[in-house]
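S.K.: Whatever this is, show me its structure:
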Amino acid sequence: MEAALDHYLAQHESVMIDELMTLIRIPSISQRKAHWPDTQRVLEVMSAIVSRYGFTAEIVQTPGCPAFIATLETHPDRPWLIVYNHLDVQPADEPQWTTQPFEPLLKDGRIYGRGSTDDKGPALTTLHAIHFLHSQGYALPNIQLVYETEEEHGSKHFGVFLDAAKARLHTPASILVSDTIFEGDYPAITYRLKGLLEAEAELITGTQDLHSGMVGGAAMNPLNVLIQALSRCVDARGNVTIPGVQEELPAVTAEEKQTLERTAAIFNLEKFIADTGGAALYTEETLELLQRIWVRPTFEVHGFEGAQWEPDVIKTALPYAVKAKLTMRLVAGQEPERVRQQLEACLQEVNPEIHVKARGAVKGYMSPVDNAFMVEAVKACEKGFGRTPVFVGSGGTIGAIPEFERVFPEAPVVLIAQSLMSDGYHAPNENFQVVQLRNGMKTMAYYLSQIAALK
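M.R.: Coordinates of the predicted model:
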């Protein structure tokens, strides 16, 4: 198969790059309603692409952004596999872009552009792995592609889509996802994903802004009070201090502790620091660092409404209403609504008028690493990427995964990474390396051929 893969890539690599560039040119930003027509357009383009490779495609409307199902039946006796990717992208407003984010550029072996690595590139490599196997007569499961265009907006309607489309979806033996990142230089198979609570904490103390010289020290400043309350939620070392949150965490098993220790032993801290732009870290002890990202909850303040922001100007006024924009990354087993209640109770110890409204909530996910599909994924990574992969967790959230788990509880989810930390996930100058395009396509081809007979 290796020689056949090399021949296919020699013929189709330029096609894959052209297809990726076509998709990058569509600014399918789900977080901005003005770009919702682009989420429809990107699926229309992808529908034309997959139809060339033997799929029957259908765009499915939701109350938000659309989703997509494409079907390829290879043999009635083979298992069905769902392949999931998302085709929406993050906004691209960062001033550090050195290229135009929606005008793709191939330079020095990298394809630059928003969505190149998250997640349009990995979607195409998997599609071409399927086309390679099908066109060359290799064993291949029956395939249903499920693409969404709301992942970067919390997959808010993905569960609604799955429920509505369940009659059109074959029950899968497993679900394949390629929306995760390599662990340093090693291929990664992700077994754990964080959940996410997006929330606003609001405090209103009046009906209008007030002159700080006239009433300062007498009238309550809600921004002061809210900041004081928020400071109770996390300490200076980044540890969540909301009562009940740490105490109710699921225990880390002995087997998972061994997984953490194995990954920590090969973790390249210097590369991690470089890939994050020299970010200041709470710890440089690799095992603790991984535990913080993978198996401990987080609490982050991202900004405020009602606070001043204009550079070089101080308006000497007290606001009357402020909101804090917050997120908490949650561990598998934590219930987002329970955590919201704990957060609100913590803040209300400072002021009972502080209220917390959830803006979005996704549960965490954890998969056993010893199922047959995971075993085959390890073998495929060894062949395609040339190194034994590591089982890793992720601090990121994929909102579709808990919904898949709910609708298809017997189908293990396998997450095979194709992207690198240095690719600029959610960052300026996002890119997808051509070598990862090649090796990712090979890895997926090996994996799909190997699982064709699994049940």
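S.K.: longest single helix anywhere in this structure?
M.R.: Counting residues, the longest helix found in the chain (DSSP state H) is helix 2-24.
S.K.: Need the residues that contact stretch 14-32.
M.R.: Residues from elsewhere that reach stretch 14-32, judged by Cβ atoms under 8 Å, 6 or more residues apart in numbering: 35-36, 38-39, 41-42, 45-46, 49, 64-65, 87-92, 102-104, 106, 111, 113-116, 120-121, 124-125, 128, 149-153, 432, 434, 437, 441. Bear in mind the C-beta positions are built from the backbone N, C-alpha and C, glycine included.
S.K.: can you check stretch 221-233 too?
M.R.: For stretch 221-233, contacts defined as Cβ under 8 Å, 6+ apart pick out 201, 203-205, 240-242, 299, 301, 304, 306-307, 318-322, 324, 326, 343, 346-351, 354.
S.K.: which among these end up buried?
M.R.: 201, 203, 205, 240, 242, 299, 301, 304, 306, 318-322, 324, 326, 343, 346-347, 350, 354 (16 or more other Cβ atoms under 10 Å).
S.K.: Filter these down to the ones in strands?
M.R.: 201, 203, 301, 304, 318, 321-322, 324, 326 (DSSP state E).
S.K.: my guess is Glu248 meets Gln334, correct?
M.R.: Yes - at 7.2 Å, Glu248 counts as touching Gln334 under the criterion of Cβ atoms under 8 Å.
S.K.: quick one on the thing from earlier: and the furthest pair within the ones in strands among the buried ones among the contacts of stretch 221-233?
M.R.: Leu318 and Leu326 (22.2 Å; Cβ to Cβ).
S.K.: between Glu248 and Gln334, which one's more packed in?
M.R.: Using other Cβ atoms under 10 Å, the more surrounded residue of Glu248 and Gln334 is Gln334, with 21 against 14.
S.K.: measure the more buried one to Ala4 for me?
M.R.: Gln334 sits 46 Å away from Ala4 when distances are taken as Cβ to Cβ, to the nearest Å.
S.K.: what do you get for Thr149?
M.R.: Distance from Thr149 to Ala4, by Cβ to Cβ: 34 Å.
S.K.: With neighbour numbers in mind, choose between those two.
M.R.: Taking neighbours as other Cβ under 10 Å, Thr149 and Ala4 compare with Thr149 leading, 32 against 14.
S.K.: Test my guess that Tyr282 contacts Ala236.
M.R.: No - with contact defined as Cβ under 8 Å, Tyr282 and Ala236 do not form a contacting pair (9.0 Å).
S.K.: the more surrounded of those two?
M.R.: Tyr282 (12 against 7).
S.K.: quick one, what contacts the more buried one?
M.R.: Tyr282 is in contact with 237-238, 289, 292, counting by Cβ under 8 Å, 6+ apart.
S.K.: Mind jotting down where the helices sit in the stretch 101-250 of the chain?
M.R.: 121-136, 158-165, 212-215, 222-230 (DSSP state H, counting those that start in this stretch).
S.K.: For Ala427, which of these is the nearest?
M.R.: The closest of the helices of the stretch 101-250 of the chain to Ala427 is helix 121-136. By Cβ to Cβ, the value is 15.1 Å.
S.K.: before we move on, back to that, so which of the contacts of stretch 14-32 sit within strands?
M.R.: 106, 111, 432.
S.K.: Show me which of these are buried.
M.R.: Looks like those have 106, 111, 432 buried, using 16+ other Cβ under 10 Å.
S.K.: Tell me how far the closest residue to the first one other than its chain neighbours lies from Ala165.
M.R.: Closest residue in space to Leu106, ignoring its immediate chain neighbours: Ile17 at 6.4 Å, by Cβ to Cβ, 6 or more residues apart in numbering. In this structure, Ile17 and Ala165 are 31 Å apart, going by Cβ to Cβ.
S.K.: hmm, back to that, with pLDDT and distance to Ala411 added, can I get the ones in strands among the buried ones among the contacts of stretch 221-233 in JSON lines?
M.R.: Below are these laid out as JSON lines (pLDDT from 0 to 100; distance: Cβ to Cβ, whole Å):
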{"residue": "Ala201", "pLDDT": "98", "distance to Ala411": "37"}
{"residue": "Leu203", "pLDDT": "98", "distance to Ala411": "44"}
{"residue": "Val301", "pLDDT": "98", "distance to Ala411": "37"}
{"residue": "Phe304", "pLDDT": "97", "distance to Ala411": "42"}
{"residue": "Leu318", "pLDDT": "96", "distance to Ala411": "55"}
{"residue": "Ala321", "pLDDT": "98", "distance to Ala411": "47"}
{"residue": "Val322", "pLDDT": "98", "distance to Ala411": "45"}
{"residue": "Ala324", "pLDDT": "98", "distance to Ala411": "39"}
{"residue": "Leu326", "pLDDT": "98", "distance to Ala411": "33"}
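S.K.: quick one, strands of the stretch 251-400 of the chain?
M.R.: In the stretch 251-400 of the chain, the segments counted as strands under DSSP state E, counting those that start in this stretch are 300-305, 317-318, 321-330, 355-362, 365-366, 390-394.
S.K.: residues contacting Ala274?
M.R.: Neighbour list for Ala274: Ser422 [criterion: Cβ under 8 Å, 6+ apart].
S.K.: how near is it to Asn268?
M.R.: Ala274 is 9 Å from Asn268, by Cβ to Cβ.
S.K.: Could you do Ala3 as well?
M.R.: For Ala3, the distance to Asn268 (Cβ to Cβ) stands at 33 Å.
S.K.: tell me how far the ends of stretch 80-97 are from each other?
M.R.: For stretch 80-97, the separation between the terminal residues is 41 Å (Cα to Cα, to the nearest Å).
S.K.: shaky segments in this protein?
M.R.: Counting by pLDDT under 70, the chain shows low-confidence ranges at 183, 455.
S.K.: mind running it again at 80?
M.R.: Residue ranges of the chain with pLDDT under 80: 183-184, 455.
S.K.: hang on, the earlier thing: relative to Phe158, which of the strands of the stretch 251-400 of the chain is closest?
M.R.: strand 355-362 (9.8 Å).
S.K.: So what are the sheet partners of that closest one and their directions?
M.R.: According to DSSP bridges, strand 355-362 forms sheet pairs with strand 195-204 (antiparallel).
S.K.: Specify which member of the ones in strands among the contacts of stretch 14-32 is nearest to Val160.
M.R.: Nearest to Val160 out of the ones in strands among the contacts of stretch 14-32 is Phe432 (Cβ to Cβ; 30.6 Å).
S.K.: rewinding a little: which one of the buried ones among the ones in strands among the contacts of stretch 14-32 is nearest to Pro412?
M.R.: Distance to Pro412, by Cβ to Cβ, is smallest for Phe432 among those, at 26.8 Å.
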